[in-house]
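> Structure, please.
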Amino acid sequence: MNCYDFDKTIFNPDSSMLFSLYCIGHHPLAMLCSVPNVVHYGIKYLFKKTDFRTLKEKSYVFLKHLKDVDGDVERFWAKRSCRIEKWYLAQKKDDDIIISASPEFLLRPVADMLKVKLIATRIDKKTGIMDGENCKGPEKVKRLRLECPDAVVDDFYSDSLSDTPMAEIAKRAFIVNKSDLRPWPEK
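Okay, the predicted model is just below:
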């Protein structure tokens, strides 16, 4: 089986950022209510006065102001699934796994459209609160082992060296920059 990071790997640019921009355009008041909170916690994070989990949860606080998150997510992907990288579509297999730090509720429709398994950060789509850990770095390996205990990763693809723990368990790993795929850098 092959495992893929999502944002900036098989989809460009970042889906969470694009969804936030979508919501600014479609729900400006909901987003406006959230801006002071996000700015406040963003500054705290920069000065190491709060952790990334708190910042991520505060970044999704706008969700509680949306009446139909599922509908918004479906409409969002209806116009953006065309951004899935062509190189990925050309090699996609039925047993692929997308493993991402992005919210599961956001990536579920596109994973279903691609007919692949999804492992992602569990964020409550009504509150923005994270359930469990951010699915990044070593947490990706932990979640893969929990959800697919017998998984053997043939190839792993990511744009970020923070995914080195996943690269280490794969037979082969590739660092991705749009359609440029290179072997994972040696330590």
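
> What is the lengthiest helix in the chain packed up against?
When the chain is parsed with DSSP state H, its longest helix is helix 28-46. Where contact means 3 or more Cβ pairs under 8 Å, 6 or more residues apart in numbering; DSSP states H and E, helix 28-46 is packed against helix 15-26, helix 52-59. The way it works is simple: take the backbone N, C-alpha and C, and place the C-beta from them, glycine included.

> just how off-centre is that helix within its chain?
20 Å (Cα atoms, centre = their mean, to the nearest Å).

> Run the angle between that helix and helix 15-26 for me.
Note on geometry: by axes from the mean of the first three to the mean of the last three Cα atoms, to 10 degrees, helix 28-46 and helix 15-26 are set 140 degrees apart in direction.

> Name the residues that touch helix 28-46?
20, 23-24, 50-52, 54-55, 58-59, 61-62, 65-66 (Cβ atoms under 8 Å, 6 or more residues apart in numbering).

> let's go with 6 Å and repeat that
23-24, 50, 55, 58-59, 61-62, 65-66 (Cβ atoms under 6 Å, 6 or more residues apart in numbering).

> Buried ones among these?
23, 50, 55, 58-59, 61-62, 66 (16 or more other Cβ atoms under 10 Å).

> Among those residues, find me the one that's closest to residue 138.
residue 55 (19.3 Å; Cβ to Cβ).

> Could you report the neighbour count for the residue lying closest to that closest one once chain neighbours are set aside?
Spatial nearest neighbour of residue 55, chain neighbours left out: residue 45 (4.4 Å); criterion: Cβ to Cβ, 6 or more residues apart in numbering. The number of residues packed near residue 45 is 16, by other Cβ atoms under 10 Å.

> mind checking how far residue 45 is from residue 103?
Taking Cβ to Cβ, to the nearest Å as the measure, residue 45 falls 18 Å from residue 103.

> what does residue 137 give?
Distance of residue 137 to residue 103, computed by Cβ to Cβ: 17 Å.

> So for those two, which sits in the more crowded spot?
Neighbours per residue, other Cβ under 10 Å: of residue 137 and residue 103, the larger number sits with residue 103, 24 against 17.

> Verify the assumption that residue 144 is located in a helix.
Yes: according to DSSP: H, G, I helix; E, B strand; the rest coil, residue 144 belongs to a helix.

> In contact with it, which residues?
Residue 144 neighbours (Cβ under 6 Å, 6+ apart): residue 151.

> how near is it to residue 172?
For residue 144, the distance to residue 172 - Cβ to Cβ - is 16 Å.

> how about the lowest-mean-pLDDT helix or strand in the chain: buried residues?
The helix or strand of the chain with the lowest confidence, counting by mean pLDDT, DSSP states H and E, is helix 28-46 at a mean of 92. Residues of helix 28-46 classed as buried by neighbour count (16+ other Cβ under 10 Å): 30-31, 34, 38, 41, 45.

> Please consider this matter closed, and thank you.
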